[in-house]
Every structure is written in structure tokens, then in C-alpha cells.
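**Student:** 3D model of this:
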Amino acid sequence: MGEILSQGEIDSLLKALNSGEIDAEEMINAPEEDKVRDYDFKRPAKFSKEHLRTLELIFEHYGRLLSTTLPVYLRKSVQVEVLSSETVTFNEFTSSLSNPVVLALVNFRPLPGDIIIEVTSNLCYAIIDRMLGGPGESLEKTREFSEIELSIVEKIVVICMQLLREPWKNVAEINPMLDRIETNSQFVQIISPNEMIAIVSLSIKVGEVEGYMNVCIPYITIESIIDNLNTKFWFSNMTNSSGEEYNDYLELMLKKVDVPVRALLGRSTVTVSDFASLQVGDIIRLNSNIDSELEVRVGNIKKFTAVAGIDKDKYAIKITSVIREEE
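**Tutor:** Predicted coordinates:
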């Protein structure tokens, strides 16, 4: 931006032009000096604004996949939003990390090198609590993760990592593989501290707990495909999934949902005193015969009828009929 003159400087310039001290023609025809801009060799501008914008588009798609896939496993609403993208040195990224933190080192094959997925600890604690049957709340005071907790987090990280394939397919075919998970930033020195990286920050809200996922992408990892990282190339390769493919995807997701199934042997009514005095070996008379069909419920819906039996020394039921909705 050019320098802004004060009112006094403007008056002095007009006075000089009127008195002839300055020739306006000479000023107009004077050759322009080359503008010199300082270049910091420690922070080379390897990622352009176009590259960062394309990364945001990729991870907006990724965020939509997370918000539809994670609720299948967490059984809680998940909201994902891309906050920002920026370029920093790898040293600045690692210096900003706090301990403990979950850092997933992902091999971005067939591209060389790794990327790092950072998930804040409060979000991990909420996911662990939810996976273990809790309400999905975070801890008030952070602490180190146990081995069991890290195993649970690793399962979710692998799911998140596998979802990277589809958003990146318009730029390059990737097959990411989890190398390991670290909780200390000192053990993730995968590149030189002065190397440039792109960081895409996502806000993830699980229920009422909000945390962040930061994806660290070193330049040397995507250097071979950096020319493809522009919006024109990304949109030109974008293909809309057909309705049939989308239905197959929904069917695949539904097959992974756990639903409770129970067979009712029968019903009985007892008094509170009889219930309180029950002992091992006591018999409760049910309202059904041993050879009568049982009612099988999926959730709270009566879906099948079955007969009771034994299979390899274990109690079992055999489905005899399917109850349709119209019935």
C-alpha cells in the first residue's frame, strides 16, 4: 500500500508545483523503481492462498463425513466445522502443543512421509466416557491417558483416518495407515523444525463437549501433488455419487449399528414379598407353555416369533416367522 500524505505535505507539494520547483511532467515520465520485498528464507511461502483454500474445501467434505459417521459409534450428535487453515514452521506447531495430547502419526501412502492428526484431550476424554457407556462428559482436570483409554481412542482415530480417502480422491488416491499414537510432542519430530507445514483446524462438538482437531500436513509430504491442490483441478475432478452408490453407502453404515434383540420367554406377576424372598432353585410359573412360540423384539418392536432350544450346550432360539409392519 502506498504511503498516505498528511494535509501539510499535500499543501507543500501543491505549493512546489505552482512555484515551478517540481516539474509534473518529469514526475509522470520518471521510471518506476523496482519494488523490493523482504523474503524470509526461514519461512518460505511454499503454500499459496489457493492451496490453503483447496485444503479447506477438502476438510469441509471431511467434516461432513465425520458428522455422519461418528454418531454411529458414539450414539450422540456430532457437529464439525472447519475453523481455519494456515502455514507455520513445524517447530511452531510442536511448541504450541500441551501435554498430554493425542497425536496420531498417519502414513499418507503412497505419498512420502507422514501427517499428524492432533485431537485435544478434553474431546478424547468425552469420547472415552461415551464409548464406555457414560454421558460423554470431559474431565475437569487433565491427566495422563491409560493404556485402555488409548486403545479406545485409537479405534476412533482409525475410523477418522479411513474417512480421509474420499475427500482427497479428487486430488490424489491415498491409502492412509496409522503408524502410532503419541501423547508427548517430543516424540513426533518427523521433519526438520524449520520445514513448512499447513495446519487445518476443525472444531468438533460431541454433545455438549467442544474440542479441536488439528491436521498437520508437511509440504514435503504433498510436494509431488501440490500442483493438483487448486480449486479448478479439485472441482474438475469432482464426481457426484449416483443415487445407487449413496444407498449402498447408507446400507453399509446401517449394518454397523448395534440394536438390542431379546426373546421373551413369558410373563408372570408376583408380590413384592415373594420377590424379596426368592432363593436359588425357586421356580416362577410363566403364562406360556414350554413348546409355545416366543415373542422376539428388536428394540421395542415385535419383529419375530421363535421357539426355544439348545445349541451346543447353550440356550438358543429358532426363528419361525417374521412379523411384517402391516401385521
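
**Student:** tell me which residues in the longest helix seen in the chain are buried?
**Tutor:** Assignment by DSSP state H gives helix 49-74 as the longest helix of the chain. Across helix 49-74, burial judged by 16 or more other Cβ atoms under 10 Å covers 51-52, 54-59, 61-63, 65-67, 69-70, 73-74. Quick note: C-beta positions are derived from backbone N, CA and C, even for glycine.

**Student:** on contacts alone, who are the packing partners of that helix?
**Tutor:** strand 78-89, helix 121-131, helix 147-162, helix 165-168, strand 196-206, helix 231-236, helix 243-255 (3 or more Cβ pairs under 8 Å, 6 or more residues apart in numbering; DSSP states H and E).

**Student:** flag every buried residue along the very next helix or strand once past the shortest one.
**Tutor:** Put plainly, it is helix 165-168. Reading on from helix 165-168 to the C-terminus, the next helix or strand found by DSSP states H and E is strand 177-182. In terms of neighbour count (16+ other Cβ under 10 Å), strand 177-182 has its buried residues at 178, 181, 182.

**Student:** for strand 177-182, packing partners?
**Tutor:** Taking 3+ Cβ pairs under 8 Å, 6+ apart as the contact cut, strand 177-182 packs with strand 102-107, helix 147-162.

**Student:** now it: average pLDDT?
**Tutor:** Strand 177-182 comes out with an average pLDDT of 88.

**Student:** make a markdown table out of the helices and strands packed on strand 177-182 and add mean neighbour count and distance to residue 170.
**Tutor:** Output for the helices and strands packed on strand 177-182, formatted as a markdown table (neighbours: other Cβ atoms under 10 Å; distance: least, Cβ to Cβ, whole Å):
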| stretch | mean neighbour count | distance to residue 170 |
| --- | --- | --- |
| strand 102-107 | 22 | 19 |
| helix 147-162 | 16 | 17 |
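
**Student:** out of these, which comes closest to residue 121?
**Tutor:** Counting by Cβ to Cβ, residue 121 lies closest to strand 102-107 out of the helices and strands packed on strand 177-182; the figure is 6.8 Å.

**Student:** so where is the stretch 101-250 of the chain shaky, pLDDT-wise?
**Tutor:** For the stretch 101-250 of the chain, the stretches with pLDDT under 70 are 231-246, 249.

**Student:** now the residue lying closest to residue 99 once chain neighbours are set aside: how far from residue 198?
**Tutor:** Leaving out its chain neighbours, the residue that sits closest to residue 99 by Cβ to Cβ, 6 or more residues apart in numbering is residue 184, at 5.7 Å. Separation of residue 184 from residue 198 (Cβ to Cβ, to the nearest Å): 23 Å.

**Student:** the two: who's more crowded?
**Tutor:** For residue 184 versus residue 198, neighbours defined as other Cβ atoms under 10 Å are more numerous around residue 198 (22 against 12).

**Student:** the more buried one against residue 56, yeah?
**Tutor:** No: here residue 198 lies out of contact with residue 56, judged by Cβ atoms under 8 Å, at a distance of 10.1 Å.

**Student:** my read is residue 11 is in a strand, agree?
**Tutor:** No: counting by DSSP: H, G, I helix; E, B strand; the rest coil, residue 11 is not found in a strand; it is helix.
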